[in-house]
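Trainee: this one's structure only:
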């Protein structure tokens, strides 16, 4: 006789079977041409490169597959939303249309996201070297930068003449493959200055950076409006703001980052379509001083993602995964002991290195994050519901050094264990 849980498992297995079978049947009935297959690969690569993140191995693989050159620049096309545009184009038809216009260039085309599409034009090392050699004025456009303007003009003319569709184009600078995200950000920046049926190169806008206050606060306003209305463009505007503060010293960076994250968290409260996550202002302000230089910017992006949710943060735990289940159960039973990564890896019979990768992949957290957060959670319970000292609690949750325990607690909670006890007592007295 089957139990209720077994029946549920069997039902899920049946569903998986029929769903996968249905997918196979649909795929077998569709004949995808080589041209369409390449288009799908290009779109996948562009999306990964600029929105999801690509490993070095993935970049090398895609470059080889698509025969892309060593350098390149990004063009962003922003189409005027209209019934004509929606009627005439979808992602694939737009891809083939652009491909026909740019047939003489080495390029790939990204997916259509809302009313915007990205194009990556690639160049050889020799082309870029010759450009630099022939360009005697640092601020003037090189031969290939001028060529990018001609390409943009051709795109605008074709969309206007044949389809009567308006398009604005922003063009980023030429850079090596590992740094292409910077070209994307520059294209985004240039796009803010491009009017309908017009194109702007980021290099042409360098002089406008003297008007910092106006540009900065206008972009901040647009970011906040996008957050309030639940639009993912907020991340684009945040990227522009991060690009602005890149040259600043760490002190100035911290001031701007803290201000932006605070107003972003406040704006998110107005987005009724999603649940507002708790944001630890005090803890974040203190955590800022643990980072410097480029790490500050990376930290800011992670915080912004956590606040807005416009990019899926990598902290969704897959509890159905066997390794995750065993790890969770083992930590709950042994968190008070001196346990290590190797100890838990042995429970699932895999190497520590592979175990570490699996945990990160399936939870978004490192093993040490799991362990320290569980210990801090238990410590909060003990501090809140007993008269134990900080030192006693430290040993009870698995730490041997009270000073180290206090640092970990402060990092996770935002205040020291002693401050936590005082706050807890105040709350109880008020109650």
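Mentor: Sure, I can see it. Treat the numbers as computed from the prediction; the structure is a model and nothing was measured.
Trainee: in what helix or strand does residue 162 lie?
Mentor: helix 143-163 (DSSP states H and E).
Trainee: from the middle of its chain, how far away would that helix be?
Mentor: 30 Å (Cα atoms, centre = their mean, to the nearest Å).
Trainee: Give the other helices and strands that that helix contacts.
Mentor: On a contact count with 3 or more Cβ pairs under 8 Å, 6 or more residues apart in numbering; DSSP states H and E, helix 143-163 meets strand 71-79, helix 83-88, helix 91-101, strand 116-123, helix 125-134, strand 167-171, strand 199-201. Any C-beta I mention is one placed from the backbone N, CA and C, and that applies to glycine too.
Trainee: worst average pLDDT in those?
Mentor: Ranked by mean pLDDT, these bottom out at helix 83-88, with a mean of 68.
Trainee: the domain parsing of the chain - what is it?
Mentor: Structural domains annotated on the chain: 33-207, 211-313, 322-430, as defined by automatic domain parsing.
Trainee: Tabulate those (a markdown table), appending mean neighbour count.
Mentor: Shown next, in a markdown table, are the domains of the chain (neighbours: other Cβ atoms under 10 Å):
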| stretch | mean neighbour count |
| --- | --- |
| domain 33-207 | 17 |
| domain 211-313 | 16 |
| domain 322-430 | 15 |
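Trainee: got the contact list for the helix holding residue 162?
Mentor: The list of residues contacting helix 143-163 from outside it, by Cβ atoms under 8 Å, 6 or more residues apart in numbering, reads 73, 75, 77, 79, 84-85, 88-89, 98, 101-102, 105, 121, 123, 127-128, 130-131, 134-135, 141, 165-167, 169, 171, 173-174, 197-199, 201, 203.
Trainee: tilt between it and helix 91-101?
Mentor: In terms of direction (axes from the mean of the first three to the mean of the last three Cα atoms, to 10 degrees), helix 143-163 departs from helix 91-101 by 120 degrees.
Trainee: May I see the helices and strands packed on helix 143-163 organised as JSON lines, with distance to residue 407 added?
Mentor: Formatted as JSON lines, the helices and strands packed on helix 143-163 follow (distance: least, Cβ to Cβ, whole Å):
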{"stretch": "strand 71-79", "distance to residue 407": "43"}
{"stretch": "helix 83-88", "distance to residue 407": "56"}
{"stretch": "helix 91-101", "distance to residue 407": "50"}
{"stretch": "strand 116-123", "distance to residue 407": "44"}
{"stretch": "helix 125-134", "distance to residue 407": "48"}
{"stretch": "strand 167-171", "distance to residue 407": "45"}
{"stretch": "strand 199-201", "distance to residue 407": "49"}
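Trainee: quick one: low-confidence ranges for the stretch 301-431 of the chain?
Mentor: Applying pLDDT under 70 to the stretch 301-431 of the chain picks out residues 310-321, 361-365, 427-431.
Trainee: For it, which segments count as helices?
Mentor: Counting by DSSP state H, counting those that start in this stretch, the stretch 301-431 of the chain has helices at residues 322-334, 341-347, 352-363, 367-385, 390-396, 402-413, 417-430.
Trainee: Make a markdown table from those and add distance to residue 223 to it.
Mentor: Below are those laid out as a markdown table (distance: least, Cβ to Cβ, whole Å):
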| stretch | distance to residue 223 |
| --- | --- |
| helix 322-334 | 35 |
| helix 341-347 | 39 |
| helix 352-363 | 30 |
| helix 367-385 | 29 |
| helix 390-396 | 41 |
| helix 402-413 | 28 |
| helix 417-430 | 33 |
